[in-house]
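Novice: My questions are about this predicted structure, shown below with the sequence.
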Amino acid sequence: MDMSSHGISRRTCMGMMMSALLGCRSTAVLAAGSQPEIAITIDDFALNASTPLLDADTRNAQILEALQAMRVQAAGFVCGKQVDNRDGRRRLALWSEAGHMLANHTYSHWRYPEIDFQKFSSDVLQADALLTAYPTFRKWFRFPYLKEGTTAEQRDRMRAFLKAHGYRMGYVTVDASDWAIDARLRKRLSEDPHASLDGYREFYLEHLWDRTQFYDRLAREVLQRPVKHTLLIHHNLAAALFLPHLLQMYVERGWRIINAETAFQDPLFAAEPDILPAGESILWALAKESGRFGDKLRYPAEDETYERRRMDELKL
Ligand SMILES: [Zn+2]
């Protein structure tokens, strides 16, 4: 074998290794020149909560550092009551100073279907009044629990209200149960502060990758095109510990991590699916609306119950 053919065979070998790592479909996407894209969106900002291992300032700093290391700007969907004190405002200011977009996730984090419209809409405005002080606040709104109403009247009334106040919908494309992993992790650490984090980190990555693949397939099936994804994770201990690994995972698997404001430019975010109950991932909702998937779309789309068996198996 001469040097040039040796060179070719090495490249072929590299190509095969890449295919094995990425899976055939991802490789095909890369070959077509459209790298899958995902933005990080972070909900709740539960900074009043105390957790084992890391205090609120450290959790906040570690999440910010992970984003900074990737030079990526996220969107924070802030629950007002979680940050409505001196420490909360100081911690939130760090997000704005670092250029991350802040957006409205209501003040009280009520479940809209269970709350009177007047009360819920006032609560949205209470969060708006708090967030408007931050230079990177943008009028994007996300319903707590992604629950947007159980009747057409309830759903459409809030859609009209949000539009009248200049809001657009900060939909999630990739929904998941990171919060359920976080709950198990905190429980374990409260029982044993020296417990290994490895299994939790591995499942966090496995689960979020699994959900990303699911919703990306759904996008391509329903819309016949790739979309700019918005991943939903929460501001919690798991994110503080594992976000660097998560971002690294996407990059290693051929995904591009994009700024949240860029992702929200995708026309997908102007959709208003006609389904009831309204809500869930926007991709789930559009799939449901299409009527093409029948019982294959579980409800709720994501929940702790779906992950319980796997977490039990892994002794998490
Ligand atoms: Zn929330």
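Specialist: Received the coordinates, thanks. Residues are numbered from 1 along each chain as shown.
Novice: how far away is residue 67 from residue 41?
Specialist: According to CB to CB, to the nearest Å, residue 67 and residue 41 sit 11 Å apart. In short, each C-beta sits where N, CA and C put it, glycine included.
Novice: overlap in contacts of the two?
Specialist: residue 74 (CB atoms under 8 Å, 6 or more residues apart in numbering).
Novice: In terms of neighbours, single out the busier of these two.
Specialist: residue 41 (27 against 22; other CB atoms under 10 Å).
Novice: Would you mind naming the residues that bridge with the more buried one?
Specialist: Taking DSSP bridges as the rule, residue 41 bridges to residue 75, residue 232.
Novice: hang on, isn't it packed against residue 73?
Specialist: No - Residue 41 is not in contact with residue 73 according to CB atoms under 8 Å; the separation is 10.8 Å.
Novice: intersection of neighbour lists for the two?
Specialist: Taking CB under 8 Å, 6+ apart as the criterion, residue 41 and residue 73 both touch residue 260.
Novice: show me what contacts the residue nearest to the spatial centre of the chain?
Specialist: Geometric centre of the chain, nearest residue: residue 232, 1.2 Å, by CA atoms, centre = their mean. Taking CB under 8 Å, 6+ apart, we find residue 232 in contact with 41, 43, 146, 172, 174, 175, 176, 178.
Novice: Tell me which of these fall in helices.
Specialist: Among the contacts of residue 232, the members found in helices (DSSP state H) are residue 178.
Novice: Narrow the contacts of residue 232 to those that are buried.
Specialist: The neighbour-count test (16 or more other CB atoms under 10 Å) marks 41, 43, 146, 172, 174, 175, 176, 178 as buried among the contacts of residue 232.
Novice: Residue 315: how many residues sit nearby?
Specialist: Close neighbours of residue 315, defined as other CB under 10 Å, add up to 7.
Novice: With residue 44 instead?
Specialist: 20.
Novice: Show the pLDDT at it.
Specialist: Residue 44 carries a pLDDT value of 97.
Novice: Please look at it and residue 79 and confirm they touch.
Specialist: Yes - Residue 44 is in contact with residue 79 according to CB under 8 Å; the separation is 4.9 Å.
Novice: what do the two both touch?
Specialist: 105, 109.
Novice: Please tell me how far residue 157 sits from residue 164.
Specialist: Here the criterion is CB to CB. By it, residue 157 lies 11 Å from residue 164.
Novice: Give me the more crowded residue out of those two.
Specialist: Set side by side, residue 157 and residue 164 show more neighbours around residue 157, with 15 against 9, by other CB under 10 Å.
Novice: Could you pull out the helices in the stretch 51-200 of the chain for me?
Specialist: For the stretch 51-200 of the chain, the helices defined by DSSP state H, counting those that start in this stretch cover 56-69, 80-83, 86-97, 117-131, 152-164, 178-191, 198-223.
Novice: Now render those as TSV, adding mean pLDDT.
Specialist: Compiled in TSV, these are given as follows (pLDDT from 0 to 100):
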stretch	mean pLDDT
helix 56-69	98
helix 80-83	97
helix 86-97	97
helix 117-131	98
helix 152-164	98
helix 178-191	98
helix 198-223	98
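Novice: For those, could you give me a markdown table that also reports distance to residue 49?
Specialist: Listed next are these as a markdown table, based on distance: least, CB to CB, whole Å:
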| stretch | distance to residue 49 |
| --- | --- |
| helix 56-69 | 7 |
| helix 80-83 | 8 |
| helix 86-97 | 11 |
| helix 117-131 | 18 |
| helix 152-164 | 28 |
| helix 178-191 | 9 |
| helix 198-223 | 18 |
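Novice: looking at the ones you listed, which is buried most?
Specialist: Highest mean neighbour count of the helices of the stretch 51-200 of the chain: helix 80-83, a mean of 22 (counted as mean count of other CB atoms under 10 Å).
Novice: hmm, who's touching it?
Specialist: For helix 80-83, contacts defined as CB under 8 Å, 6+ apart pick out 44-48, 88-89, 91-92, 105-109, 126-127, 130-131.
Novice: got the contact list for the nearest residue to residue 145 once chain neighbours are set aside?
Specialist: Leaving aside its chain neighbours, residue 145 sits nearest to residue 111 (5.5 Å; criterion: CB to CB, 6 or more residues apart in numbering). Applying CB under 8 Å, 6+ apart to residue 111 gives the contacts 144, 145, 147.
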